[in-house]
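> here is a sequence together with a model predicted from it:
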Amino acid sequence: MNIGITCYPTFGGSGVVATELGKALAGRGHTVHFIAYALPMRLEHMVENVYFHEVRVNTYPLFEYPPYALALASKMIDVAQHEGLDLLHVHYAIPHATSAVLARDILRAKGITIPVVTTLHGTDITLVGKDPGFKPVVEHAIDTSDGVTAVSDWLRRETLDSFDVASDVEVIPNFVDTDRFRRQPKDHFRQAITPDGERLIAHVSNFRKVKRAADAVEVFARLHQAGVWPEGHPRHGQPGGVKLLMVGDGPDRAASEAAARDAGVWADVRFIGKQEPVEEILSITDLFLMPSASETFGLAALEAMACDVPVVSSDVGGLPELNVDGETGFLRPIGDVGGMTEAARTVLTQPDLHARMARAARRRAVECFDIDRIVPQYEAHYGRVIAGIEA
Ligand code: GMT
């Protein structure tokens, strides 16, 4: 198949999923054309059968808000016509689904048939999509897409509850390449960060408000204050014994840094910004914290699980479909910093439990969310959509 994929190319789960999907589809013999305003961030190396088409928006003094959605639709039309696309697959409804539906309708008037598949990821439904300033347009784009998928069962239900749409929404969960995301020996790196054998916690996010990054700092500060040095260690009973890596960047980074300074734990927290490859960081991590206020799936947690890292997360959205409470980690209510601290302490101070959860996390990633299980589900979805519009 010849597939056009549009996504947000910068850091963020939907862009990661779209890019990894495109690369995997290319590896399975399809041709993939990415259409976006910048090169998707995980498309760092040249991949056979993958092309990139940059969307440029003309600036004009009249445009206080450059009309990206229209420039994107025009580029989709251009690529569909000249590259002979079979299908357009857009990730994140706003504005991608609307641009794709517009492009499809314009192409239809020219006698070209090209179906649109929209994958819903998260705030395109839960937050931004429900905003009255967007809702009717999002509703229309979902309803008139030829195929709609959601990354968790929770998101599917949320979409059908919140929007007046007749379309079927198929759940195709997010995935991870468990060959790439696996625990690698990185002892020298680990030694540099935790020279005294401290336990290492990681939080990876785009530091938007919804991620509650300051809660991760607060959980860490409470653990640090009480101390998690193991029995028999000369510092057992003293504060410390744990370090925190804050990975990523975004609007709440400065506030999270301030929280670490205010809590007096700055020396044991490293804010390392956006990083690739993240699997190297996860390979030295003992525990992953995801205290989000909303999370339709939690791709960053899945990547950690694939690297043998148990997860303490909030009990919200699609996270229970990924992180099994008491098995791969723990789930606690949003904002329950005390509960998350206790859960983290339990995992970090009981080596047998930690090892069991680490194994269970990896197993769940491999058995339920491996790339080779999930990508064929997209291929099958494309096949049904194409057959549906040809019928
Ligand atoms: O909704 C967002 O915040 C944007 C989106 C993204 O592009 O980062 O994140 C969502 O999609 C990811 C990939 O499907 C999911 O793993 C995240 O859980 C989801 N984020 C939220 O729901 C907050």
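Received the coordinates, thanks.
> list the contacts of the residue lying closest to Ala214 once chain neighbours are set aside.
Excluding its sequence neighbours, the residue lying closest to Ala214 (Cβ to Cβ, 6 or more residues apart in numbering) is Ala259, at 4.7 Å. In short, each C-beta sits where N, CA and C put it, glycine included. Residues counted as contacts of Ala259 (Cβ atoms under 8 Å, 6 or more residues apart in numbering) are Ala214, Val217, Glu218, Ala221.
> so can I have TSV of those showing distance to the ligand, neighbour count and secondary structure?
What follows is the contacts of Ala259, written out as TSV (distance: Cβ to the nearest ligand atom, whole Å; neighbours: other Cβ atoms under 10 Å; DSSP: H, G, I helix; E, B strand; the rest coil):
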residue	distance to the ligand	neighbour count	secondary structure
Ala214	16	20	helix
Val217	19	29	helix
Glu218	20	22	helix
Ala221	24	21	helix
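> same list (those) but as JSON lines, adding pLDDT.
What follows is the contacts of Ala259, written out as JSON lines (pLDDT from 0 to 100):
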{"residue": "Ala214", "pLDDT": "97"}
{"residue": "Val217", "pLDDT": "98"}
{"residue": "Glu218", "pLDDT": "98"}
{"residue": "Ala221", "pLDDT": "98"}
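> part of a strand, is the residue nearest to Ala214?
No. Ala259 is assigned helix when assessed by DSSP: H, G, I helix; E, B strand; the rest coil, not a strand.
> distance-wise, check it relative to Asn174.
29 Å (Cβ to Cβ, to the nearest Å).
> do the same with Thr328
From Thr328 to Asn174 the distance is 15 Å (Cβ to Cβ).
> equivalent analysis for Gly4, please.
In terms of Cβ to Cβ, Gly4 sits 21 Å off from Asn174.
> list, one by one, the residues from the stretch 151-300 of the chain near the ligand.
Residues of the stretch 151-300 of the chain lying close to the ligand by Cβ under 6 Å from any ligand atom are Val151, Asn174, Val210, Ser294, Glu295, Thr296, Phe297, Gly298, Leu299.
> so where's this protein shaky on pLDDT?
For the chain, the stretches flagged by pLDDT under 70 are 11.
> so where do the strands sit in it?
Along the chain, counting by DSSP state E, strands occupy 2-6, 31-36, 50-54, 87-91, 116-120, 147-150, 169-171, 199-204, 242-247, 269-273, 287-290, 311-314, 329-332.
> turn the ones you listed into CSV, columns for mean neighbour count.
Formatted as CSV, the strands of the chain follow (neighbours: other Cβ atoms under 10 Å):
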stretch, mean neighbour count
strand 2-6, 24
strand 31-36, 24
strand 50-54, 16
strand 87-91, 28
strand 116-120, 28
strand 147-150, 24
strand 169-171, 18
strand 199-204, 25
strand 242-247, 22
strand 269-273, 17
strand 287-290, 28
strand 311-314, 27
strand 329-332, 24
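> could these be laid out in JSON lines, adding distance to Tyr60?
Below are the strands of the chain laid out as JSON lines (distance: least, Cβ to Cβ, whole Å):
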{"stretch": "strand 2-6", "distance to Tyr60": "23"}
{"stretch": "strand 31-36", "distance to Tyr60": "22"}
{"stretch": "strand 50-54", "distance to Tyr60": "19"}
{"stretch": "strand 87-91", "distance to Tyr60": "26"}
{"stretch": "strand 116-120", "distance to Tyr60": "28"}
{"stretch": "strand 147-150", "distance to Tyr60": "34"}
{"stretch": "strand 169-171", "distance to Tyr60": "38"}
{"stretch": "strand 199-204", "distance to Tyr60": "39"}
{"stretch": "strand 242-247", "distance to Tyr60": "39"}
{"stretch": "strand 269-273", "distance to Tyr60": "35"}
{"stretch": "strand 287-290", "distance to Tyr60": "42"}
{"stretch": "strand 311-314", "distance to Tyr60": "44"}
{"stretch": "strand 329-332", "distance to Tyr60": "50"}
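> what is the burial count for the residue in the stretch 101-250 of the chain that the ligand sits nearest to?
Across the stretch 101-250 of the chain, no residue is closer to the ligand than Gly122, which sits at 2.5 Å (Cβ to the nearest ligand atom). Counted with other Cβ atoms under 10 Å, residues neighbouring Gly122 total 28.
> which residues does it contact?
Gly122 neighbours (Cβ under 8 Å, 6+ apart): Gly13, Ser14, Tyr92, Val151, Leu155, Ser294, Glu295, Thr296, Phe297.
> pretty sure the third one sits against Cys7.
Same thing as Tyr92. Yes. Look at Tyr92 against Cys7 with Cβ atoms under 8 Å: they come within range, at 6.6 Å.
> common neighbours of those two, please.
Shared contacts of Tyr92 and Cys7, counting by Cβ under 8 Å, 6+ apart, come down to Ser14.
> for the ligand, see how far away the nearest residue to Leu353 once chain neighbours are set aside is.
Nearest residue to Leu353 in three dimensions, chain neighbours excluded: Val347, at 6.4 Å (Cβ to Cβ, 6+ apart). Distance of Val347 to the ligand, computed by Cβ to the nearest ligand atom, to the nearest Å: 22 Å.
> so who does Val347 touch?
Going by Cβ under 8 Å, 6+ apart, the list of residues near Val347 reads Asp286, Leu287, Pro310, Val312, Gly329, Phe330, Leu353, His354, Met357.
> my guess is Leu21 contacts Tyr378. True?
Yes. Leu21 lies in contact with Tyr378 (Cβ under 8 Å); the separation is 6.3 Å.
> this completes my enquiry, with thanks.
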